[in-house]
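>>> okay, predicted coordinates and the sequence, questions at the end:
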Amino acid sequence: MIVRMFLIGVMASLLAAPAFAQEKPAKPATIDGSTRANVKAELLAKYGESQKFRIERGIDQVADQWRASDGSAEDFAAYCRDYFVADEAMLAAAFKKLEFYSEVIFGGFAEMGLDKDQPVDLDWGEITPLDMAMNQFSLGAHVSEDLYGNKIAFFSLLNFPVYTLKEKIEHASQWNRQQWAYARVGGTNPTRIPPEVNQKYSTILADANRYVSEYNIFLGSLVDNQMRTLFPADMKLISHWGLRDELKAHYADRQGLPKQQMIFKVMERIIAQEIPAVMVNSGKCQWNPFSNAVYENGKSIRAEREPDTRYQTILNVFGVTRLVDAYSPLYPNAIVRSFDVNREIPEKDVEAMFVELLSSPQAKKVGQLIRRRLGRKLQPFDIWYTGFRGGETIAEEKLDRIVKEKYPTAADFEKDLPNILMKLGFSAERSAKIAPLIQIDMARGSGHCASSGSRKFKVRLRTRVSAGGMNYKGYNIAMHELGHAVESVLDLHMIDYYSLSGVPNNAFTEAFAYVFQDRDREVLGLAKPDPKAWDTKALDVFWNTYEIMGVSLLDMKLWHWLYEHPQATAAELREAEIGLAKELWNRYYAPVFGIKDQSILAIYSHKIHYPLYLPHYSLGYAIQFQIENFLRGKVVGPEMERMCVAGNILPNEWMRLAVGEAISVKPMLAAVDQALKAVK
């Protein structure tokens, strides 16, 4: 997962991302229709019809954000008169200055925030109350209001139009690079949030992040019905990532089914909030997840279940996100902002793409193939089947030994970055430039990548490294995060306009992360030539996409439910999510698995602290497959460089430049049909 620590849009789009808002938002000053009309007429008479669109849009944008504290209607008119820039050369010069200031301000605050939060984000030992307080403290809480207060933010609003998604789609194929950059400076969803509100939002999200990052299960403390332990005594895994990846690892283990069944039962208990509270991030007792019995010193004890903390945390995040609606006149709810602003793909188009794949006949055919390979009926956790990947016969223990020997510390992984990049096809010269711009840190959680908002600073790649060295799961995640990091470096340091740095949305950076992650064994020198590699890869990617698209639809439906039930309790939300998960399972998975009423789609932790992020993964798989299909017979490094410099334009326009076609699951479905014929 990548954490974008800065906003590309300048002044007017400071707060395009959701933020906590006051219950009674500040009212804009009364800039009535006649005042707006008079100022528009005055500027139009002065600058002519060629400036009509910019004048009318700019004046309305300023008026929408003008507060009584900013001045009277006369002050508003004077500001528009004095600061509107009609001359093209002067506008271009102002644009460059805004880009410069944006990088200075947002890059600086992003870097300070990353440094400040190291005691919580990194594996620095126990988190103290002081660490928690500092983690909740938002350094930039006052920046946006300060920029509005001294009227700097209004300059961008006045001079650079904000375009709706519909308008951008209409203009996409005609705009040149400068026009795209101007549109990004104008922003996507200008809002104005009070500083105290930003601080509250930071606090809520910090609490949610901490809940997730500290939700570990001590697998060495689990017992089955015969009181046998199946996992190493010191094994501690984070939910859901660590549990899922451990379950995946046992497809290479002939005796792995009981371990998979135990992990699956743990997941079910977490979803239902039936897990004993004493077993969350603790191994002092033993727990049988099948019977839900808890033992201390061999004796059965009464243990209360975890309260509905999981669901209350979601409600807390929903509450603070919902309140921003009053500050977002263009996109009045978080769902629309998630798709029209953060993805720039309408929700209906995304959902249609997901349903097309989930309901495809290919799903049942691939499920039947997996059943034959496993030699048993499918279990719900087989949504994570990994047997199509080459080299899966290598035992996890052997992979751990190889990785630990190669990377005993995070510093060793960082030192090896140039070699890793060259193995991925980057030139020695380019690898030598990219590697020093990436810093490797030891994460407290599963790992993530935090991009830099300035070319002065490094991208932060956080990954888990145990005391004995990096294990294979940690390495696999680190390779995923390295894909994020390299993308972030390329489209910041090689881009023509700072405003266009980045990719269209997080699905694209997830696609590059998958490209790197899928080559993890190749980088280790373990991959062997396989004439059927593309066919097996198509099946593997399809099955992963089939799983995550259901999870993504659940995330989307859950947020619709939340908006329809804004007063819901945590218990009501729990029952609603489980019900929605079962409904989706019965529609898209039961016909393949032959099992009904499963809740496993609800296990993902993203829904707790990164709301509506999961659809990025699903789109990322589709995008990745199209990119991989294009990369066949080509070298990753140079092609990735070419793709990344397209920057932050509309998703489908980016894809047309990168691979020659818009985003679609059809290429994947066609490849699966071919693979099913070729793979026996």
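Thanks, I have the structure now. Since the model is a prediction, treat every value here as computed from it, not as a measurement.
>>> remind me, longest helix of this structure?
Taking DSSP state H as the assignment, the helix of the chain that covers the most residues is helix 533-564.
>>> can you map out the helices along the stretch 301-450 of the chain?
Taking DSSP state H, counting those that start in this stretch as the criterion, the stretch 301-450 of the chain carries its helices at 309-322, 334-336, 347-358, 361-374, 396-406, 410-415, 417-423, 428-434.
>>> nearest to E653, of those?
Nearest to E653 among those is helix 347-358 (14.5 Å), distances taken as Cβ to Cβ. In this view, the C-beta of every residue, glycine as well, is placed from N, C-alpha and C.
>>> for stretch 222-231, measure first residue to last.
One end of stretch 222-231 to the other measures 8 Å (Cα to Cα, to the nearest Å).
>>> again, but for stretch 298-310
Using Cα to Cα, the two ends of stretch 298-310 sit 29 Å apart.
>>> hmm, who's touching that stretch?
Outside stretch 298-310, the residues within contact range by Cβ atoms under 8 Å, 6 or more residues apart in numbering are 211, 270, 273-280, 285, 293-295, 570-571, 573-574, 608.
>>> weed out the non-buried ones from those residues.
By neighbour count, with 16 or more other Cβ atoms under 10 Å, the contacts of stretch 298-310 hold 211, 270, 273, 275-276, 278-280, 285, 293-295, 570, 573-574, 608 as buried.
>>> which ones among those residues lie within helices?
Y211, I270, A570, L573, R574, I608.
>>> residues contacting the last one?
It refers to I608. Per Cβ under 8 Å, 6+ apart, neighbours of I608: A208, Y211, V212, R310, T313, I314, V317.
>>> pLDDT of stretch 299-309, averaged?
Mean pLDDT, computed over stretch 299-309, is 96.
>>> could the C-alpha coordinates of that stretch be exported in PDB?
Extracted C-alpha coordinates of stretch 299-309, given in PDB (Å, rounded to 0.1, in the frame of the first residue of the first chain):
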ATOM      1  CA  LYS A 299      -7.000 -24.600  32.700                       C
ATOM      2  CA  SER A 300     -10.100 -23.300  30.900                       C
ATOM      3  CA  ILE A 301     -11.000 -19.800  31.900                       C
ATOM      4  CA  ARG A 302     -13.900 -17.400  31.000                       C
ATOM      5  CA  ALA A 303     -12.800 -14.800  28.500                       C
ATOM      6  CA  GLU A 304     -15.000 -11.900  27.300                       C
ATOM      7  CA  ARG A 305     -15.100 -11.300  23.600                       C
ATOM      8  CA  GLU A 306     -13.500  -8.300  22.000                       C
ATOM      9  CA  PRO A 307     -16.100  -5.500  22.100                       C
ATOM     10  CA  ASP A 308     -17.300  -4.300  18.700                       C
ATOM     11  CA  THR A 309     -14.100  -2.200  18.500                       C
END
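>>> related to what we said a few turns ago, buried ones in the longest helix of the chain?
Quick answer for helix 533-564 (16+ other Cβ under 10 Å): 534-559, 561-562.
>>> just checking, what packs against that helix?
helix 309-322, helix 334-336, helix 347-358, helix 361-374, helix 570-588, helix 606-609, helix 614-631, helix 666-678 (3 or more Cβ pairs under 8 Å, 6 or more residues apart in numbering; DSSP states H and E).
>>> can you do 7 Å?
Other elements packing on helix 533-564 under the criterion 3 or more Cβ pairs under 7 Å, 6 or more residues apart in numbering; DSSP states H and E are helix 334-336, helix 347-358, helix 361-374, helix 570-588, helix 614-631, helix 666-678.
>>> relative orientation of it and helix 361-374 in degrees?
Using axes from the mean of the first three to the mean of the last three Cα atoms, to 10 degrees, the direction of helix 533-564 lies 120 degrees away from that of helix 361-374.
>>> any idea of the angle helix 533-564 forms with helix 614-631?
Using the same axes, to 10 degrees: helix 533-564 against helix 614-631 is 160 degrees.
>>> and helix 533-564, how far from the chain's centre?
How far helix 533-564 lies from its chain's middle: 14 Å, per Cα atoms, centre = their mean, to the nearest Å.
>>> and that helix, average pLDDT?
Mean pLDDT, helix 533-564: 96.
>>> can you pull out the strands in this protein?
2-3, 216-218, 236-238, 286-288, 293-296, 299-301, 438-442, 447-450, 459-463 (DSSP state E).
>>> point out the most buried one among the ones you listed.
Comparing the strands of the chain by mean neighbour count (mean count of other Cβ atoms under 10 Å), strand 459-463 comes out on top with a mean of 26.
>>> alpha carbons of it, as PDB, please.
Extracted C-alpha coordinates of strand 459-463, given in PDB (Å, rounded to 0.1, in the frame of the first residue of the first chain):
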ATOM      1  CA  VAL A 459      10.600   8.000  -0.500                       C
ATOM      2  CA  ARG A 460      10.100   6.000   2.700                       C
ATOM      3  CA  LEU A 461       9.700   2.200   2.200                       C
ATOM      4  CA  ARG A 462       8.600   0.600   5.500                       C
ATOM      5  CA  THR A 463       8.800  -3.200   5.800                       C
END
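>>> list the neighbouring strands of it plus their orientation.
Strand 459-463 has its sheet partners listed here by DSSP bridges as strand 438-442 (parallel), strand 447-450 (antiparallel).
>>> low-confidence bits of the stretch 451-600 of the chain, can you list those?
Along the stretch 451-600 of the chain, the model assigns pLDDT under 70 to residues 528-532.
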